[in-house]
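In: okay, here's the prediction I keep looking at, along with the sequence it came from:
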Amino acid sequence: MFCPICGTKNEDGVRFCSTCGAELPNMAAPTRASHLDTNGDGIPDVLEPTTVAAPPTTVMAPPTTVMAPPTTVMAPPTTVLPSQADDPDATRVAPRPATQQRRYQPSPQPAPAPQRKKGGRGIIVALLAIIVLACAAFGIMYWQHYQAQIDAAEQARIEQEEAERRATEEAAQKEEQRKPHDVILPISAEGLDAYGSRIPVQVKGTDFEGNSFDQSFYVSYDGAGINVRKGSYEVTILASPIASDGTVYAVPSGSFPFTIPDTQEAGSVFKAPGSIVLTPLDPLSADDVIAQALAFAQADPDLSADVLSALSDAVNAKKSAAFDAQDQAAHDQAVSKAQADGLTVVSGTVHIMTGSELCSFQGYEFEQVFGTGDWANEEAQRVYVVIVFDEETELNCMSADGSGLRTDVATMIAVTKQSKSTWEKYDGKTVTVGFRPEETWWPTDVSLPMGQPRTPNVRIID
């Protein structure tokens with residue numbers, strides 16, 4: 001059987017062309033027509049009109065690959081009778097002579113829609129499978145990439161939150177570490193108490209974050225008053241404090257180092273190790289120290305004016321007492337030396353008086369004692385230098401009768417041979433003097449001063 005589309009010869013009984021895939025006509029013999037009547041209408045094919053029927057209106061959707069039908073269709077040969085050629089309305093043709101044999105040609109049928117070859121369908125299925133697999137692989141890859149992005153974003157979020165948490169914790173730890181510590185310096189100062197002035201100091205150093213520090217403080221007698229963060233520092237004492245009794249101190253030279261370790265509990269009190277000793281000074285040799293101490297005490301904002309005035313008075317009193325002590329020491333030393341030299345040492349007030357004044361001073365009427373006359377007048381004008389004791393004093397002096405030393409009570413002693421000019425600067429003042437007992441005697445006659453010893457020379461001790 002030949003394909004009406006491509007002309008390929010096919011085996012009988014097959015439905016589709018092995019070349020183009022077109023559906024082949026059913027070539028089974030008609031049940032009622034002869035082989036010359038192919039359509040079974042009872043009219044021989046040679047008598048059928050030549051008009052070709054239109055193809056069916058139903059068209060199958062073309063496959064992906066369509067084989068183009070042959071451009072030339074073999075039409076069965078026709079013989080037109082002359083009468084039919086002239087008559088357009090003629091519908092039948094004259095039969096062929098019986099003796100003429102003709103090869104059978106089937107009438108042309110409408111070309112069915114080309115069908116996909118089974119081999120092409122497999123390729124398409126394979127291609128579709130490949131495409132599906134590729135799409136699936138791409139989808140998997142895209143999903144994996146998308147999931148990886150989600151995982152990366154989640155990991156980044158977690159890491160960011162962790163970093164923020166750590167940063168917050170570190171900031172909180174830093175803020176906790178920044179809490180300042182009250183520092184207690186190991187101050188040792190004899191006599192310094194809460195009623196005295198505070199100790200001015202300067203603190204320099206670096207805190208635990210590397211920030212430099214330089215600030216002044218006033219430290220109390222117990223070492224409190226410095227407030228700093230963790231770090232390493234050095235303390236320099238700027239001036240002496242003033243104790244309530246007026247004592248000032250020699251401050252140590254250089255600086256005192258201390259370090260607040262990181263292990264110290266935040267904001268806790270830190271007691272610096274070691275010792276800072278302030279030594280009391282002799283006020284007689286501490287004028288500069290006293291002036292500086294008073295200046296810093298005046299600058300202390302927590303020290304009232306009344307306390308400052310009291311401390312200033314205490315310093316002056318301390319200094320005066322020191323002078324007195326110094327004088328007393330010198331006095332004691334001079335007395336000891338005089339006594340070692342064999343002198344009798346006494347103290348009293350110097351008076352320079354005339355005879356009449358001295359007689360009246362002792363409670364006598366001059367005229368009753370000396371009467372009148374030239375000698376009395378001379379005695380009244382005579383100048384006497386006497387040292388009047390503060391109280392009655394026992395003296396061991398020579399007896400005028402030549403019997404030697406005797407002890408008696410005296411209220412004064414007269415200096416007989418030293419000039420008045422030597423004693424004028426001591427008139428009315430208290431002095432300490434020494435004299436030799438063997439050069440001093442008790443009177444036995446009526447002479448001034450009445451009943452009191454006299455001596456020619458006196459050593460002025462002070």
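Out: Cool, the structure landed. Quantities reported herein were computed from a predicted structural model and do not represent experimental measurements.
In: report the helix or strand with the lowest average pLDDT across the protein.
Out: helix 82-86 (a mean of 43; mean pLDDT, DSSP states H and E).
In: is R198 in contact with D222, as I believe?
Out: No: look at R198 against D222 with Cβ atoms under 8 Å: they stay out of range, at 10.4 Å. C-beta here means a position set from N, CA and C on the backbone, and glycine is covered the same way.
In: can you give the domain ranges for this structure?
Out: For the chain, automatic domain parsing gives the domain ranges 1-97, 117-177, 183-317, 341-460.
In: between those, which gets the lowest average pLDDT?
Out: Across these, domain 1-97 has the smallest mean pLDDT, namely a mean of 58.
In: ok so, going back, quick one, which of R198 and D222 is more surrounded?
Out: For R198 versus D222, neighbours defined as other Cβ atoms under 10 Å are more numerous around R198 (21 against 12).
In: got a list of contacts for stretch 272-290?
Out: For stretch 272-290, contacts defined as Cβ atoms under 8 Å, 6 or more residues apart in numbering pick out 183-192, 199, 223, 235, 237, 239-241, 246-252, 256, 258, 315, 318-319, 322-323, 326.
In: would you mark the buried spots in that stretch?
Out: For stretch 272-290, a neighbour-count test (16 or more other Cβ atoms under 10 Å) marks 272, 276, 278, 280-281, 283, 286, 289-290 as buried.
In: again, but for stretch 341-356
Out: Quick answer for stretch 341-356 (16+ other Cβ under 10 Å): 343-356.
In: now, which of those residues lie within helices?
Out: Among these, the members found in helices (DSSP state H) are 355-356.
In: save the domains of the chain as JSON lines, and put in distance to A330 too.
Out: Below are these laid out as JSON lines (distance: least, Cβ to Cβ, whole Å):
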{"stretch": "domain 1-97", "distance to A330": "139"}
{"stretch": "domain 117-177", "distance to A330": "62"}
{"stretch": "domain 183-317", "distance to A330": "12"}
{"stretch": "domain 341-460", "distance to A330": "11"}
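In: I'd like to know which of those is closest to A334.
Out: In terms of Cβ to Cβ, the element of these nearest to A334 is domain 341-460, at 7.6 Å.
In: could you export the longest strand along the chain as CSV, CA atoms only?
Out: Longest strand in the chain, counting residues (DSSP state E): strand 383-399. C-alpha atoms of strand 383-399 as CSV (Å, rounded to 0.1, in the frame of the first residue of the first chain):
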residue,chain,number,x,y,z
VAL,A,383,72.2,105.2,144.9
TYR,A,384,71.6,101.6,145.6
VAL,A,385,71.2,98.6,143.3
VAL,A,386,69.3,95.9,144.9
ILE,A,387,67.8,92.6,143.7
VAL,A,388,64.5,92.0,145.5
PHE,A,389,63.5,88.3,145.8
ASP,A,390,60.0,87.1,145.0
GLU,A,391,59.9,85.5,148.4
GLU,A,392,62.2,85.1,151.4
THR,A,393,65.2,83.0,150.6
GLU,A,394,67.8,81.3,152.7
LEU,A,395,71.3,82.5,152.0
ASN,A,396,74.7,81.3,153.2
CYS,A,397,76.9,84.3,153.6
MET,A,398,79.9,85.5,155.6
SER,A,399,79.3,86.9,159.0
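In: mind listing what it pairs with, with the direction of each?
Out: Here strand 383-399 is paired, per DSSP bridges, with strand 344-354 (antiparallel), strand 405-415 (antiparallel), strand 441-442 (parallel).
In: quick one: buried residues of the second one?
Out: In terms of neighbour count (16+ other Cβ under 10 Å), strand 405-415 has its buried residues at 410-415.
In: could I get these in a markdown table, plus columns for distance to D445?
Out: Listed next are the buried residues of strand 405-415 as a markdown table, based on distance: Cβ to Cβ, whole Å:
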| residue | distance to D445 |
| --- | --- |
| A410 | 17 |
| T411 | 19 |
| M412 | 17 |
| I413 | 17 |
| A414 | 14 |
| V415 | 19 |
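In: tally of neighbours for the closest residue to G451 other than its chain neighbours?
Out: Excluding the flanking residues, the one nearest G451 by Cβ to Cβ, 6 or more residues apart in numbering is P443, at 6.6 Å. P443: 15 surrounding residues under other Cβ under 10 Å.
In: I figured P443 hits T416, correct?
Out: No: in this structure P443 lies outside contact range of T416 using Cβ under 8 Å: 11.1 Å.
In: now for the two: what residues contact both?
Out: Here P443 and T416 have R454 as joint contacts, going by Cβ under 8 Å, 6+ apart.
In: please enumerate the helices of the stretch 151-300 of the chain.
Out: Secondary structure of the stretch 151-300 of the chain (DSSP state H, counting those that start in this stretch): helices at 287-299.
In: how about P456, what does it touch?
Out: 415-418, 439.
In: how about 6 Å then?
Out: Contacts for P456 (Cβ atoms under 6 Å, 6 or more residues apart in numbering) come out as 416-417.
In: list the contacts for the most centrally placed residue in the chain?
Out: Nearest to the geometric centre of the chain sits R178, at 4.8 Å (Cα atoms, centre = their mean). Shown in contact with R178 (Cβ under 6 Å, 6+ apart): R229.
In: how close does it get to D207?
Out: Distance, R178 to D207, by Cβ to Cβ, to the nearest Å: 8 Å.
In: what sits in contact with each of the two?
Out: R229.
In: about what we covered before: just put the buried residues of stretch 341-356 in JSON lines and tack on distance to D427.
Out: Shown next, in JSON lines, are these (distance: Cβ to Cβ, whole Å):
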{"residue": "L343", "distance to D427": "23"}
{"residue": "T344", "distance to D427": "23"}
{"residue": "V345", "distance to D427": "21"}
{"residue": "V346", "distance to D427": "18"}
{"residue": "S347", "distance to D427": "16"}
{"residue": "G348", "distance to D427": "13"}
{"residue": "T349", "distance to D427": "9"}
{"residue": "V350", "distance to D427": "6"}
{"residue": "H351", "distance to D427": "7"}
{"residue": "I352", "distance to D427": "5"}
{"residue": "M353", "distance to D427": "10"}
{"residue": "T354", "distance to D427": "13"}
{"residue": "G355", "distance to D427": "17"}
{"residue": "S356", "distance to D427": "18"}
